[in-house]
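Colleague: sequence first, then the predicted structure:
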Amino acid sequence: MSGTGTAPLSLVLADDHTLFREGLAELIGLDPGFTVAGYADTGTAAVAAAERLRPDLLLLDLQMPGPGPDMVIEQVAHRSDRTRVVVLTMYDDVVLSSRLLARGAAAYLVKNLGREELLAALRVVGRARDGVLLALQHSTLAPPGGVPAGRSPLSPRETEVLELLAAGCSNARIGARLGIAEATVKRHLTHVYAKLGASSRVDALRLAYESQLLRRPVPEAPTAAADIPLTSAP
């Protein structure tokens with residue numbers, strides 16, 4: 001329940017799955033402390049809705065068409081500074097969450113939260129204008145000492161697919177190299193894009209290099225003339 005004299009928190013729901021979006025709107029709408037101001041099913045639409053409606057909260061799914069979550073978070077901050085972005089995702093990953101919180105998200109929540117947990121989190125984020133909120137499984141968090149160096153949000157198979165992508169292989173070629181169907185390659189790439197917040201193959205590789213999930217290829221240095229062994233004249 002909202003406090004006495006406190007206006008309901010307004011939200012925009014950004015998710016490209018209509019059934020989930022409508023169910024979430026119905027769930028949230030049962031609480032008078034919230035009002036659903038609008039919807040979006042692409043990253044571009046999410047930014048436009050935030051700019052037009054200026055809601056208190058934007059609930060953002062990671063896996064939508066259009067610009068990736070990094071860009072959406074940055075653009076929302078620029079176009080509607082009153083709107084706090086809450087990432088609501090299926091990916092329970094400490095590396096990905098750390099990156100998006102650093103980018104400017106106010107909260108990173110995993111979709112296995114219960115209704116009361118979700119609403120409580122939204123109240124905290126909506127009423128407190130500073131700080132961030134992170135809700136992951138306890139087993140996901142790193143042991144004391146922080147995130148292990150080189151920890152990747154990608155599965156070993158997703159890493160293999162990304163490495164072959166970096167080598168210039170097509171989806172069909174990747175499938176042939178790994179012994180999997182091309183449709184399976186596409187599914188792995190979809191997961192890679194969502195976990196990295198990428199909008200394209202090129203963007204995925206850029207983010208992978210920046211996050212040191214992949215090593216950039218080192219061009220071979222030209223051989224200096226002095227390094228060429230001299231042969232004796234016949």
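Modeller: Structure received. Numbering: from 1, shown residues only.
Colleague: could you verify that Leu62 is part of a helix?
Modeller: No: membership of Leu62 in a helix is not supported by DSSP: H, G, I helix; E, B strand; the rest coil, which gives coil.
Colleague: give the contact list for it.
Modeller: Residues near Leu62 by Cβ atoms under 8 Å, 6 or more residues apart in numbering: Gly68, Pro69, Val87, Thr89, Tyr91, Ala194, Lys195, Gly197. For every residue, glycine as well, the C-beta is placed using N, CA and C.
Colleague: what's the closest of these to Leu58?
Modeller: Val87 (9.5 Å; Cβ to Cβ).
Colleague: Arg82 reaches Arg54, doesn't it?
Modeller: Yes: contact criterion Cβ atoms under 8 Å: Arg82 and Arg54 qualify, at 5.7 Å.
Colleague: out of the two, which sits in the more crowded spot?
Modeller: Arg54 (15 against 11; other Cβ atoms under 10 Å).
Colleague: which residue sits closest to Val76 in space, ignoring its chain neighbours?
Modeller: Using Cβ to Cβ, 6 or more residues apart in numbering and skipping residues adjacent in sequence, the residue nearest Val76 is Ala50, 4.6 Å away.
Colleague: count of neighbours near that neighbour?
Modeller: Counted by other Cβ under 10 Å, the residues lying close to Ala50 total 27.
Colleague: which stretch of helix or strand covers it?
Modeller: Element membership for Ala50, per DSSP states H and E: helix 43-53.
Colleague: same question for that helix: list its buried residues.
Modeller: Under the neighbour-count criterion of 16 or more other Cβ atoms under 10 Å, helix 43-53 has Gly43, Thr44, Ala45, Ala46, Val47, Ala48, Ala49, Ala50, Leu53 buried.
Colleague: of those residues, closest to Ala204?
Modeller: Ala204 lies nearest to Gly43 out of these, by Cβ to Cβ, at 15.0 Å.
Colleague: quick one: that closest one from Leu62, how far?
Modeller: To Leu62, Gly43 is 10 Å away according to Cβ to Cβ, to the nearest Å.
Colleague: how about the spatially most central residue of the chain, what does it touch?
Modeller: Centroid-nearest residue in the chain: Gly197, 3.9 Å away (criterion: Cα atoms, centre = their mean). Gly197 makes contacts with Leu62, Gly68, Pro69, Asp70, Leu96, Arg99, Leu100, Leu207, as judged by Cβ under 8 Å, 6+ apart.
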